[in-house]
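Visitor: Turn this into a model:
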Amino acid sequence: QVRLAESGGGLVQAGGSLRLSCTLSGRTFNNYAMGWFRQAPGKEREFVASINWRGKTTQYADSVKGRFTISRDNTKNTLYLQMNILKTDDTAAYYCAADRRAFGLGSPIPDEYEYWGQGTQVTVSS
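Guide: Below you'll find the model as predicted:
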């Protein structure tokens, strides 16, 4: 059974930092691109960042470029999202997701992902 588990969310003041982690079990982690998405109350789920299976190609939403960094450690089956200079607009539930197909580049399209975690809440206060 494939399972994704996020951790690292919490409450932080604007300008602060958090690092989210996501572990994958039940699947060969290093064969699949991964992504981070987020959803704020009353809004649709939106793309944050993605990384290809090798960890060499990344994509970011314009709203987080220069502030967030996605990375992966294939030896630990873990995906990360380093979030710096956080803004109140970053408040949302953050979800990690695993690509449908092996050896992909990653994608900003939610339907390209087959497995999703339960989410971790990030709240940024002013």
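Visitor: element containing the residue nearest the centre of the chain, please.
Guide: The chain has residue 36 as the residue nearest its centroid, 2.3 Å off, counting by CA atoms, centre = their mean. Assessed by DSSP states H and E, residue 36 sits inside strand 32-39.
Visitor: Residues touching the helix or strand following that strand, excluding its own?
Guide: Using DSSP H and E, the next helix or strand after strand 32-39 towards the C-terminus is strand 46-51. Around strand 46-51, the neighbours that count as contacts under CB atoms under 8 Å, 6 or more residues apart in numbering are 33-39, 57-61, 64, 68-72, 79, 81, 94, 105-110. Placement of C-beta: from N, CA and C, glycine included.
Visitor: if you set the cut-off to 7 Å instead, what comes out?
Guide: With contacts defined as CB atoms under 7 Å, 6 or more residues apart in numbering, strand 46-51 is touched by 33-38, 57-61, 64, 68, 70-72, 81, 106-108.
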